[in-house]
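> just a sequence and a predicted model for now, questions to come.
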Amino acid sequence: MAYRATKSGLAAEAQGKIGEGFSTSGDMDNFQNQLKDGVKLCKLVNALKPGSIPEKKYATPPTMSFKQMELIGLAIDKMKQLGVPDHEMFQTVDLYEGQNLHQCVIGIGALARKMGAYGPKEADANKRDFTEEQLKAGQNIIGLQMGTNKGANQSGMNIGNTRHIVD
């Protein structure tokens, strides 16, 4: 498509390593059709981590649905091994049957983020160890997130009582 911008970042790197052209139309049907057989997902995973999936598994694009779903599942497993968390990953049927293509986009985006291709760098763990004394001291502090009522109370409230107006 002449009106689309040239690829950059992970998209350019992956397509360069895969070495093949494919339709980059932005509609969801095209997205599903491009990835449905699992071959491009396997090539993507191998481009990011060579040798992750044996090339003989996807050298000839499968035509039978169970083989296509097997390739998708294999690519998903390898994506998880590359660090994509389960809550961002998609399932085989999400892609193959088009049940949740948005989750597929999220999963592939998460893979790109994990590989450092785009987006902010993920934070490293910042584990903190508090002593028992520090933990007890924190129990006596009212956090500002809880708010403060500055001495307000409910005195003078007449719930259920009618208002009496005197002339």
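Thanks, I have it. Numbers count the residues shown, from 1 in each chain.
> buried set for stretch 62-82?
62, 67-69, 71-76, 78-79 (16 or more other Cβ atoms under 10 Å). Placement of C-beta: from N, CA and C, glycine included.
> pLDDT on stretch 69-85, on average?
For stretch 69-85, mean pLDDT rounds to 96.
> off-centre distance for it?
Between the centre of stretch 69-85 and the centre of its chain there are 13 Å (Cα atoms, centre = their mean, to the nearest Å).
> host element of the closest residue to residue 122 other than its chain neighbours?
Among residues not flanking residue 122 along the chain, residue 113 sits closest, at 6.8 Å (Cβ to Cβ, 6 or more residues apart in numbering). Taking DSSP states H and E as the definition, residue 113 sits inside helix 101-114.
> can I get the very next helix or strand once past that helix in CSV? Just the C-alpha atoms.
Beyond helix 101-114 on the C-terminal side, the first helix or strand identified by DSSP H and E is helix 132-138. Extracted C-alpha coordinates of helix 132-138, given in CSV (Å, rounded to 0.1, in the frame of the first residue of the first chain):
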residue,chain,number,x,y,z
GLU,A,132,9.4,-5.9,62.5
GLU,A,133,10.0,-2.6,64.3
GLN,A,134,9.5,-0.6,61.1
LEU,A,135,6.3,-2.5,60.3
LYS,A,136,4.8,-1.8,63.8
ALA,A,137,5.7,1.9,63.5
GLY,A,138,3.8,2.1,60.3
